[in-house]
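Enquirer: What shape does this take:
(one chain, ligands or ions: 1)
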Amino acid sequence: MCGIIAHAGADDAVGTLIDGLERLEYRGYDSAGIAVQNGSGIAVHKRAGDVSEVREEIQTAASSGDVGIGHTRWSTHGPPTDENAHPHTTDTDNVAVVHNGIIENHAELREFLADEGYEFTSDTDTEVIPHLVEHFRKEESETIVAFRRAVEELEGSYAIAALVRDEGRVYAARAGSPLVLGLDDDQYYLASDIPAFIEHTRDVVYLEDGDVVVLEPNEAQIFDENGLSVERSGECVDWNPEDVGKGAFDHYMLKEIHNQSSSLSKTIRGRVDPDNGRVALEELDAEILDGVENVHLVACGTSYHAALFGARMLTDAGVRARVFRASEYAKMAGPTTEGTLVIPVTQSGETADTLSALRTATERGATTVTVTNVVGSTAAREADESVFIRAGPEIGVAATKTFTSQVVTLILLSQKIAAELPNATTREDLPELLAALEQVPTHIDQVVETSRAADLASRLLEYDAYFFIGRGMSRPVALEGALKFKEITYEHAEGFASGQLKHGPLALVTSQTPVFGLFTGDEAEKTITNAKEAQTRGAEIIGIGPENGPGAAESDAYLRVPDTHPVCQNLLANVQLQLVSYHTAKQLDRSIDKPRNLAKSVTVQ
Ligand code: M6R
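Expert: Numbers count the residues shown, from 1 in each chain. Now for the predicted structure:
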């Protein structure tokens, strides 16, 4: 986790760095800091707390400089203190470093450096890096050589940016953690993610593992792992600065819930042909499916729930499909063969557990197709092929619009796979489903405009725990509803297959445990029955279902969704649950966009 940024250019770096860090706070917000080159050397400002607190301090200290680096932290080694905040420096203040990732051999390096007389002031793994650079500078006349030698000593994953006293440049390197170069005439940026500099440029270069970069105010040079100067092809990203701002909304999460109609329209555009019952996924070469016998989906968190939905679509089409928690996949003995298609589902494309599963699949000879939001992400680059969900940047830590776009992408992918595999068949009602999918963006707008979730939330604040139940394709929505609720309200919430309630969880049900029943999809009737079993034990039932669905009369409160195709009803019910979580968290005064202990991009295993 953590976010890093660097800038070199004619403009003052300080404002650019701080603004960029605010856009990276979704990656961590335990502490923040910057270092800039100015006339008197390297000026460092850092402290525990979020970026706004560093901004205040810097404005007071009025530092300036045209070359600088910055960091926002999600703590791994050492608690969130001022001392552990980045940038880390040498005791001589000659070198300052920001780092995202984990240095696995930091203990040995620390011991070596301590023996050499270097003093450490933090608990972090990162602090070895500035000392190593300083150490090799004593042996090398060129800093780039010293920096490279320091980097070669590191084991683990890292994206690093460094300043060296009296040198008006940034030295950077990546291996296993994301780092993107932004190019804007004579201004250059490096960051963990594009939103950090999207207001300045959309022209980017995704750096490769092993790359070393030197940024100066009028030049950016990239060297490959052999130290040779290389040109990396760039691209212009299809994101706008407004995509990464809150606009008129109180929170990114609310903006992203509201924007789902437009993000989903982009997901679907050009990919569905209801008249002919066909799906087109232009980036997927059908030949890659030759010889595929079964499918494994690997994912974490919200993406795991989307994967459950996709797997159900696949099995309904006759494809042998299983879903695995990505963190469990690598150590599982041999479920993967050359006939397996492995689909890592990951919004960020950088989740360490999912990347590990992807690498396991590759080692075992499987075909891999990642479903991701981020072009140029590690997952996209390491998989054989990628299908992009096109949801645009998502800043709120709680995934919302990307879940919706993932599910729809997987619905389309499932039918594409079913059309290609010999023993599978696409759904009989595929034309109707595709036509309904085209209507979902409009239906989302209707849900968002008419939802009574805010009123409901005000009644929900005093309970002990919250349960979410669903069956068939509404089960992943129940699980996702519970995850969203616990993530941002900090209240205890659990999702269950509705049929499982009576096999154990019912013991927890009381008048203090409301039950959200997903009365959507083909199996709503049975979920209504299961919800009534909880209602009989005193629980308040909050049904989510179609306008005139049978669950309305059985519920103590009912959130309506348009009466559309059963598969699509589940997507709309999920939007209602997103709004319930949001409004409950808001009334509890929680930190909605940056929930405690969580970061959006989980780059540690
Ligand atoms: O980037 P990914 O989709 O791989 O992230 C996976 C999970 O870390 C993520 O979905 C997490 O569960 C979200 N915070 C949920 O809102």
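Enquirer: So what's the residue count around whichever residue of the chain sits closest to the ligand?
Expert: Closest residue of the chain to the ligand, CB to the nearest ligand atom: Gly301 (1.9 Å). For glycine as for every other residue, the C-beta is placed from the backbone atoms N, C-alpha and C. Burial of Gly301 is recorded as 22 neighbouring residues (other CB atoms under 10 Å).
Enquirer: Which elements pack onto the lowest-mean-pLDDT helix or strand in the chain?
Expert: Every helix and strand in the chain was compared by mean pLDDT, DSSP states H and E; the lowest is helix 51-61, with a mean of 82. Applying 3 or more CB pairs under 8 Å, 6 or more residues apart in numbering; DSSP states H and E, one finds that helix 51-61 contacts helix 13-24, strand 31-38, strand 41-48.
Enquirer: I'd assumed Ala399 was in contact with the residue of the chain closest to the ligand.
Expert: Yes. Using CB atoms under 8 Å, Gly301 is in contact with Ala399, at 7.2 Å.
Enquirer: returning to what we had before: mind listing what's buried along the least confident helix or strand of the chain?
Expert: 51, 54-55, 57-58 (16 or more other CB atoms under 10 Å).
Enquirer: Next, the angle from it to strand 31-38.
Expert: Interaxial angle, helix 51-61 versus strand 31-38 (axes from the mean of the first three to the mean of the last three CA atoms, to 10 degrees): 30 degrees.
Enquirer: How many neighbouring residues does Glu235 have?
Expert: 12.
Enquirer: Look at it and report its pLDDT.
Expert: For Glu235, the model assigns a pLDDT of 90.
Enquirer: pretty sure it is touching Val204, no?
Expert: Yes. In this structure Glu235 lies within contact range of Val204 using CB under 8 Å: 6.3 Å.
Enquirer: Give me the common contacts of the two.
Expert: Gly376 (CB atoms under 8 Å, 6 or more residues apart in numbering).
Enquirer: Name the nearest residue to Thr201, ignoring sequence neighbours.
Expert: Excluding its sequence neighbours, the residue lying closest to Thr201 (CB to CB, 6 or more residues apart in numbering) is Asp184, at 3.6 Å.
Enquirer: May I have the secondary structure class of Asp238?
Expert: coil (DSSP: H, G, I helix; E, B strand; the rest coil).
Enquirer: before we move on, back to that, return the distance of the least confident helix or strand of the chain from the chain's centre.
Expert: 27 Å (CA atoms, centre = their mean, to the nearest Å).
Enquirer: just checking, next helix/strand downstream of it?
Expert: Tracing the chain C-terminally past helix 51-61 and defining elements by DSSP states H and E, one meets strand 67-73 next.
Enquirer: So what are the sheet partners of that next one and their directions?
Expert: Strand pairing for strand 67-73, determined by DSSP bridges: strand 3-8 (antiparallel), strand 31-38 (antiparallel).
Enquirer: domain parsing for the protein?
Expert: 3-243, 245-448, 453-587 (automatic domain parsing).
Enquirer: Switch those over to JSON lines; also include distance to Asp593.
Expert: Output for the domains of the chain, formatted as JSON lines (distance: least, CB to CB, whole Å):
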{"stretch": "domain 3-243", "distance to Asp593": "7"}
{"stretch": "domain 245-448", "distance to Asp593": "5"}
{"stretch": "domain 453-587", "distance to Asp593": "9"}
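Enquirer: Other residues contacting stretch 544-555?
Expert: Contacts of stretch 544-555 (CB under 8 Å, 6+ apart): 516-520, 524-525, 527-528, 531-532, 535, 541-543, 558-564, 569, 573, 576-577.
Enquirer: Check the spacing between Thr16 and Gln59 real quick.
Expert: Distance check for Thr16 against Gln59: by CB to CB, to the nearest Å, it reads 14 Å.
Enquirer: And Arg452, by the same measure?
Expert: If you go by CB to CB, the gap between Arg452 and Gln59 works out to 43 Å.
Enquirer: Next to the ligand, which bits of the protein? Give me the list.
Expert: When proximity is defined by CB under 6 Å from any ligand atom, the chain lies next to the ligand at 300-303, 346-348, 351, 354, 397-399, 487, 598, 601-602.
Enquirer: got the residue ranges for the helices in the stretch 201-350 of the chain?
Expert: 252-258, 260-268, 301-316, 326-329 (DSSP state H, counting those that start in this stretch).
Enquirer: just to revisit the earlier point, let's see if you can find the most crowded of the residues of the chain next to the ligand.
Expert: Most neighbours among the residues of the chain next to the ligand, by other CB under 10 Å: Thr346, with 34 neighbours.
Enquirer: Tell me the pLDDT of it.
Expert: Per-residue pLDDT puts Thr346 at 98.
Enquirer: Any idea what it is bridged to?
Expert: Bridge pairing for Thr346 - DSSP bridges - gives Thr372.
Enquirer: wait, it sits on Thr368?
Expert: No. Using CB under 8 Å, Thr346 is not in contact with Thr368; the gap is 11.9 Å.
Enquirer: Tell me the pLDDT of Arg27.
Expert: If you check Arg27, the pLDDT there is 88.
Enquirer: Let me see the contact set for the closest residue to it other than its chain neighbours.
Expert: Distance criterion CB to CB, 6+ apart; nearest residue to Arg27, sequence neighbours excluded, is Gly3 at 3.8 Å. Counting by CB under 8 Å, 6+ apart, Gly3 touches 21, 24-28, 71-72, 100, 191-193, 196.
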